[in-house]
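Peer 1: Need a 3D model of the following:
(2 chains)
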Amino acid sequence: MSPLEDDIRDALHAEANRLREMPPLRLEPAPRRAGPAAATRRGARRHWTWLAPVTAAALVIALAITLVVVRTAQNGTVPPVAPPTPAPTTFPRYYVGLGGENMDGNGTSLIVGDTRATRPLAAISSPTGAAFESTTLAAAGDDRTFIIAETLGQRKPPYPPYATTGPTAWYQIRISPGSANQVTMTRLPISGGDADLPVMDTALSGDGRYLAVALGDAGTVRQEVQVYSVVTGQLLHTWSMAVGNFDTYVAINALTWVNGDGTVAFDWAASHNITQVRTLSVGAPGTSLLTASHLAWSHDNPPLGNVATSIECGSLTITTDGRTAMECMHYISKTGKVSPVEWLAYPISASASPTAKARVAAAIPASPATLKDPITTQIDAVYVSAREVIGYAVSVGTRQATIHEFIASGTTVRQLGTGTIPSLWTLSWIAW
Amino acid sequence: VDDTDTRPPGAAADAAQRHITALYQAHALSLARLALLMLGDQAEAQDMVQDAFLGLYRRWHKLASADAAPGYLRTSVLNGCRTALRRRSRPVTYPQDLPLPSAEATAIQTEEQRAVLAAVRRLPARQREALVLRYYLDMTEDQAAQAMRVSRGTVKSATSRAITAVGRMLKEES
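Peer 2: Take a look at the predicted model:
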């Protein structure tokens, strides 16, 4: 353990020890504290702590009757996928969400849905009883094709240890609106990965034919980027690098297919202060991740300045044309002011570093008039380009969450529509 | 809103109360400390724990086993903290913004610890949660992944990024 980790441990324990006693137990709801802010927080909190497990269980029961046929594909028999799609102009309609654990702490399920329907299309339990891995969930560009993998993770309530390992089985999920089997899940001929290499991120090419997987982290001996053929299951390429100690830890994140699905982009921390976007041509020779990949863009992490609390709104990524690095900024300042959600566009140049200051591709005001319920739990993008962002803001209901879909360009925000998804406590991860 | 009161009746309720009171004496303070680290607010942390116990009381008879109760409570508190943080429209309170600490508390927290805590509170919620689970509760990565409902890789990534950010903030402050 590093000295900094020791300091963090000591500071957390010192802070926790400030709390020395608890008031007597009340087994009846207490009257709300005076003041509107306290009342709002308390009401919301009780509601969710109490309802979340009930909601999750009810949803699973309600959907248990939905029949999803799980097929096993032989090499070359994976259903064809739609051709590459142009840049979207509307919000994707279909989604696959990864269900959280139930109250016993075991089991996960997939929820396949249509944001325009009041009930999800299907709930799918793991065919083998293993857990689905959140980092393997990815979507193709046709709004109908998704992918996910199981791991050998074992979950036994109520306490760990739980073993989590690399992927063991990959599945393709297809949505066919209007057909007899609206949702099908096919086990792909992709072989399981290295049991010692956890998946960090996954990206499905726009046409759904190729799968890129980033594996390994600080606890492993190496990191890898692998590319598979979804149709044949063949491992087409593997690039790897040795992993050093924790201080030189680099995590591969934000895998993205760019340049017409010929290149995989990813971001990683080259050092504590430098974030890079690197690109990897699918045809790149060699097996060294660093040698084969190209440094596309790099910047020093900006000083935190007035930021009190960062709010997550998306990773640093690269647009599908490979020409722009995009970063989302959203924070609460030290004076308590909530910033707009801004997507910053950095043009990528041959010099592999920002040559121009970031331009605001899109900005959502802190209290957007065009989006209902501005106090949302999350704002995120499903598509970014140098000029516009298609995204959603979520407001949480008791059983469902409402998504307010928008397209934003500069300071212009236009609402595309609203949809519903299961509550965020039911869905821990979602792919559009 | 399905807020049906499912408290057990009669003798069963008495037994449930005894169990839950014992659980409260054993676990409430540690759970409140966990919530305090997540939220930075003592009163809110105590409320969170009270709510978790009330929720447990209401569904006691649905619990598969009394052994599952501590796990339920911790999950409930963590879920409540996440919801509170998502809905929070004000900044996290810094230790220095709290009422003046007692002499004892002052003695316990060094300047360095206060700086580390201030940095931890500036982290995104998920990164802060990863640090609290790993370095306060001493969970393994697998245990933290289970508690956070994410993969082990995500825990590793969040923890690494959090430590990196804390180090950077400390450097900037110095």
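
Peer 1: these two touch, right, A:Pro167 and A:Val199?
Peer 2: Yes. Under the criterion of C-beta atoms under 8 Å, A:Pro167 makes contact with A:Val199 at 5.7 Å. Using the backbone N, CA and C atoms, a C-beta is placed for each residue, glycine as well.

Peer 1: contacting residues for A:Asn253?
Peer 2: Going by C-beta atoms under 8 Å, 6 or more residues apart in numbering or on different chains, A:Asn253 touches A:Met200, A:Asp201, A:Ala214, A:Phe266, A:Asp267, A:Trp268, A:Ser315, B:Ser157.

Peer 1: Okay, the last one and A:Arg278: tell me how far apart.
Peer 2: With the distance defined as C-beta to C-beta, to the nearest Å, B:Ser157 ends up 17 Å from A:Arg278.

Peer 1: Repeat that for the fifth one.
Peer 2: Counting by C-beta to C-beta, the gap between A:Asp267 and A:Arg278 amounts to 8 Å.

Peer 1: for the third one, same thing?
Peer 2: The span separating A:Ala214 from A:Arg278 equals 11 Å under the rule C-beta to C-beta.

Peer 1: The residue in chain B that chain A sits nearest to: neighbour count?
Peer 2: Ranked by C-beta to the nearest C-beta, the top residue of chain B for proximity to chain A is B:Gly71, at 3.3 Å. As a burial measure, B:Gly71 scores 19 neighbours (other C-beta atoms under 10 Å in any protein chain shown).

Peer 1: Which strand or helix spans it?
Peer 2: helix B:69-87 (DSSP states H and E).

Peer 1: and what of A:Ala345?
Peer 2: Counting by DSSP H and E, A:Ala345 is found in strand A:341-347.

Peer 1: So for that strand, what gets flagged as buried?
Peer 2: Neighbour counts over strand A:341-347 (16 or more other C-beta atoms under 10 Å in any protein chain shown) mark A:Val341, A:Glu342, A:Trp343, A:Leu344, A:Ala345, A:Tyr346 as buried.

Peer 1: Now flag whichever of those residues is closest to chain B.
Peer 2: Of all the buried residues of strand A:341-347, A:Val341 has the smallest distance to chain B: 13.9 Å, by C-beta to the nearest C-beta.

Peer 1: between A:Pro167 and A:Val199, what contacts are shared?
Peer 2: Joint contacts of A:Pro167 and A:Val199 (C-beta under 8 Å, 6+ apart) are A:Glu133, A:Thr136, A:Ala149, A:Gly193, A:Val213.

Peer 1: if we can go back for a sec, could the buried residues of strand A:341-347 go into JSON lines alongside distance to chain B?
Peer 2: Output for these, formatted as JSON lines (distance: C-beta to the nearest C-beta, whole Å):
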{"residue": "A:Val341", "distance to chain B": "14"}
{"residue": "A:Glu342", "distance to chain B": "16"}
{"residue": "A:Trp343", "distance to chain B": "17"}
{"residue": "A:Leu344", "distance to chain B": "17"}
{"residue": "A:Ala345", "distance to chain B": "22"}
{"residue": "A:Tyr346", "distance to chain B": "20"}
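
Peer 1: Look at the closest residue to A:Glu150 other than its chain neighbours and say how many residues are nearby.
Peer 2: Excluding the flanking residues, the one nearest A:Glu150 by C-beta to C-beta, 6 or more residues apart in numbering or on different chains is A:Ala130, at 4.2 Å. A total of 20 residues lie near A:Ala130 under the criterion other C-beta under 10 Å.

Peer 1: same thing with the one 3 residues further on?
Peer 2: Residues contacting A:Glu133 under the criterion other C-beta under 10 Å number 28.

Peer 1: For the chain, just list every one of the helices.
Peer 2: In the absence of a named chain, chain A is used. Assigned by DSSP state H, chain A shows helices spanning A:3-16, A:36-63, A:289-292.

Peer 1: wrong one, chain B
Peer 2: Applying DSSP H to chain B gives helices spanning B:10-39, B:42-58, B:69-87, B:103-108, B:111-121, B:125-131, B:141-148, B:152-173.

Peer 1: which of those has the lowest average pLDDT?
Peer 2: Ranked by mean pLDDT, those bottom out at helix B:103-108, with a mean of 46.

Peer 1: Was I right to think B:Leu54 contacts A:Arg26?
Peer 2: Yes. Using C-beta under 8 Å, B:Leu54 is in contact with A:Arg26, at 7.1 Å.

Peer 1: Who are the contact partners of the residue most central in space within chain B?
Peer 2: By C-alpha atoms, centre = their mean, the mean C-alpha position of chain B lies nearest to B:Ala35, the distance being 2.9 Å. Contacts for B:Ala35 (C-beta under 8 Å, 6+ apart) come out as B:Glu44, B:Ala45, B:Gln46, B:Met48, B:Val49, B:Val77, B:Gly80, B:Cys81.

Peer 1: quick revisit: the strand holding A:Ala345 packs against which elements?
Peer 2: Using 3 or more C-beta pairs under 8 Å, 6 or more residues apart in numbering or on different chains; DSSP states H and E, the elements in contact with strand A:341-347 are strand A:324-329, strand A:359-364, strand A:378-384.

Peer 1: Output the ones you listed in JSON lines, with distance to chain B appended to each entry.
Peer 2: As requested, these are exported to JSON lines (distance: least, C-beta to the nearest C-beta, whole Å):
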{"stretch": "strand A:324-329", "distance to chain B": "12"}
{"stretch": "strand A:359-364", "distance to chain B": "15"}
{"stretch": "strand A:378-384", "distance to chain B": "7"}
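
Peer 1: and these, which is most packed in?
Peer 2: strand A:324-329 (a mean of 23; mean count of other C-beta atoms under 10 Å in any protein chain shown).

Peer 1: Quickly run through the sheet partners of that strand, with directions.
Peer 2: If you go by DSSP bridges, strand A:324-329 pairs up with strand A:317-318 (antiparallel), strand A:341-347 (antiparallel).

Peer 1: residues in contact with that strand?
Peer 2: Applying C-beta under 8 Å, 6+ apart, the set of residues contacting strand A:324-329 is A:277, A:296-297, A:299, A:313-319, A:339, A:341-348, A:354, A:358, A:361, A:381, A:384-386.

Peer 1: same thing but 7 Å
Peer 2: Residues from elsewhere that reach strand A:324-329 (C-beta atoms under 7 Å, 6 or more residues apart in numbering or on different chains): A:277, A:297, A:313-314, A:316-319, A:339, A:341-348, A:361, A:381, A:384, A:386.

Peer 1: What residue, apart from its backbone neighbours, is nearest B:His19 spatially?
Peer 2: Counting by C-beta to C-beta, 6+ apart, the residue nearest B:His19 is B:Ala66, at 6.2 Å.

Peer 1: My error: substitute B:Tyr135 in the last question.
Peer 2: Leaving out its chain neighbours, the residue that sits closest to B:Tyr135 by C-beta to C-beta, 6+ apart is A:Arg9, at 4.2 Å.

Peer 1: neighbours of the one you found, just the number please.
Peer 2: Counted with other C-beta under 10 Å, A:Arg9 comes out at 17.

Peer 1: okay, it: pLDDT?
Peer 2: So, for A:Arg9, pLDDT stands at 91.

Peer 1: again with A:Asn301
Peer 2: The model's pLDDT for A:Asn301 equals 65.

Peer 1: I'd like the distance between B:Arg126 and B:Ala145.
Peer 2: Distance from B:Arg126 to B:Ala145, by C-beta to C-beta: 12 Å.

Peer 1: Name the residue in these two with the higher neighbour count.
Peer 2: A direct count of neighbours by other C-beta under 10 Å for B:Arg126 and B:Ala145 places B:Ala145 higher, at 26 against 19.

Peer 1: Any idea how many residues pack against the nearest residue in space to A:Met22 that is not next to it in sequence?
Peer 2: Computed as C-beta to C-beta, 6+ apart, the closest residue to A:Met22 that is not its neighbour in sequence is B:Ala28, at 4.6 Å. By the measure other C-beta under 10 Å, the count of residues near B:Ala28 is 22.

Peer 1: Thanks a lot, catch you later.
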